[in-house]
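# Predicted model and sequence below, questions to follow.
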Amino acid sequence: MKKSVFDKISDSYENFHLKELRLGDGADVITVSPKLKLGLGWSLFILCCVLAYIFVGLPFVHKTEDISKEDREAVLKENINVDEEHDTIIPYEKDANESLNEFVTTYFKAITSCDYLRLQDMVTDADEYRNDENLKRKAEFITNYENITVYTKAGLNEDSYITFVVANLTIAGVNSSPYDIITLYIVNGERGYMINNGKLPADVKEYIEKVKGDADIQKVYKAVEEENAKLKEKDSSLREFYEIISRRNVETQSAADQTSEEIQGQENASENTEQESNNENASENPDQSNAEEDTPEN
C-alpha cells in the first residue's frame, strides 16, 4: 500500500524524535536518545533566536544610556532657537525604564496624598515640602494623576534624565479628565532617583530648553493641546476651570507688577529723602567744604 504524504511525514517525525539515533558503524556506534535529541533541538532553536536578535534586532533598540557624553555636550554648541521646533537632536524613549516609571508614579501619588515626608526624600531641595499646606491647597483641585506616560531624554550629565510626564488629571468639580505634561529633571545617584527641584546650573537649563524643542517631543505637546481643546469644547466645567486659572494667573501677575512698582517707588523715595538730607546739611554749613579744602596738610 502506497503511503500518503502525511504518513511519510509522520514516519519521519517518529524516526527522528521518538527513536534512538545511531551514529557510526561496528563498535564505534554512538546512540543518541530521543530526550537528548529534543534537548539539543530546542537549544539550537534558542541559540538561533538569540543570534537573530543580536544581529538583526539589537541595532534598532535605542537606550538613553547609549547617548555619549560628547553627543550630549554637543547640544550646547548647537545654534538653536529654543522658541521654535527643530529636528530631534536627542530622541525620547517612551516608558522604557520601569524603575524610573515607578519612581515618577510614586511621586505624583505622594503629591495628591499630601505625603510631604515622602516627597522630601524624592527631591534634591526638601525645603519645597517642609510645609504640607501648599500641597493640601493643590490637592483640593487636582485629586489624582492617572494613565501616566513617561517620555525620557538623556540629561546633560551622566545618570540624569529629562522626563516629560503626560497624565490625565482628575480635577474637583470637572467632569472630564484633561491631559497635563510636566517636565522633571531627574538624577540617579547614591540615594537612587531624585528630582532636581533646586536651582539648575545655566548649562543644564540651556540643554533642557534646546531638547524641549525637539520635533518628537513637540508632537507630544501638540497632541496634549489638541486633546484638551476637544475636551473644552464638550465640557463646560473644564472651560470654566481654565477660565478661573487664567484669571488667577492674570491677578497674580498684576499683583507682582504692582509690588515691583511699590518697591521701586520706595527706593526712589528713599533716594530723594537722602538727597534732601544732604542738601539741608550743605545749607546749614555752607563754608565747611571750603574750609576743609583750605586747610593745609602738615
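Perfect, thanks for sending it.

# okay, CA-based contacts and neighbour counts for the rest of this
Will do.

# Pull the contacting residues for residue 178.
168, 169, 170, 227, 228, 231 (Cα atoms under 8 Å, 6 or more residues apart in numbering).

# What is the nearest of those to residue 89?
Minimum distance to residue 89 across the contacts of residue 178 is 26.1 Å, recorded for residue 227 (Cα to Cα).

# Which positions in the helix or strand containing that closest one come out as buried?
Using DSSP states H and E, residue 227 sits in helix 215-234. Residues 215, 216, 217, 218, 221, 224, 225, 228, 231, 232 are the ones in helix 215-234 that count as buried (16 or more other Cα atoms under 10 Å).

# How about the last one: what's its closest non-neighbour residue?
In space, not counting the residues next to it along the chain, residue 232 is nearest to residue 239; the distance is 5.3 Å by Cα to Cα, 6 or more residues apart in numbering.

# hang on, the earlier thing: with just CA atoms, put the helix holding residue 227 into CSV.
Output of helix 215-234 as CSV, limited to C-alpha atoms (Å, rounded to 0.1, in the frame of the first residue of the first chain):
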residue,chain,number,x,y,z
ALA,A,215,10.3,67.6,16.9
ASP,A,216,9.5,64.3,18.6
ILE,A,217,8.5,65.8,22.0
GLN,A,218,6.8,68.8,20.4
LYS,A,219,4.4,66.3,18.7
VAL,A,220,3.5,65.1,22.2
TYR,A,221,2.9,68.7,23.3
LYS,A,222,0.7,69.4,20.3
ALA,A,223,-1.2,66.1,20.9
VAL,A,224,-1.9,67.1,24.5
GLU,A,225,-3.0,70.6,23.4
GLU,A,226,-5.4,69.2,20.7
GLU,A,227,-7.0,66.7,23.0
ASN,A,228,-7.6,69.3,25.7
ALA,A,229,-9.1,71.6,23.1
LYS,A,230,-11.6,68.9,22.1
LEU,A,231,-12.4,68.3,25.8
LYS,A,232,-13.0,72.0,26.4
GLU,A,233,-15.5,72.2,23.5
LYS,A,234,-17.6,69.4,25.0
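
# pLDDT on that helix, on average?
For helix 215-234, mean pLDDT is 95.

# which residues are contacting that helix?
By Cα under 8 Å, 6+ apart, the list of residues contacting helix 215-234 reads 85-88, 91-92, 176, 178-181, 212, 238-239.
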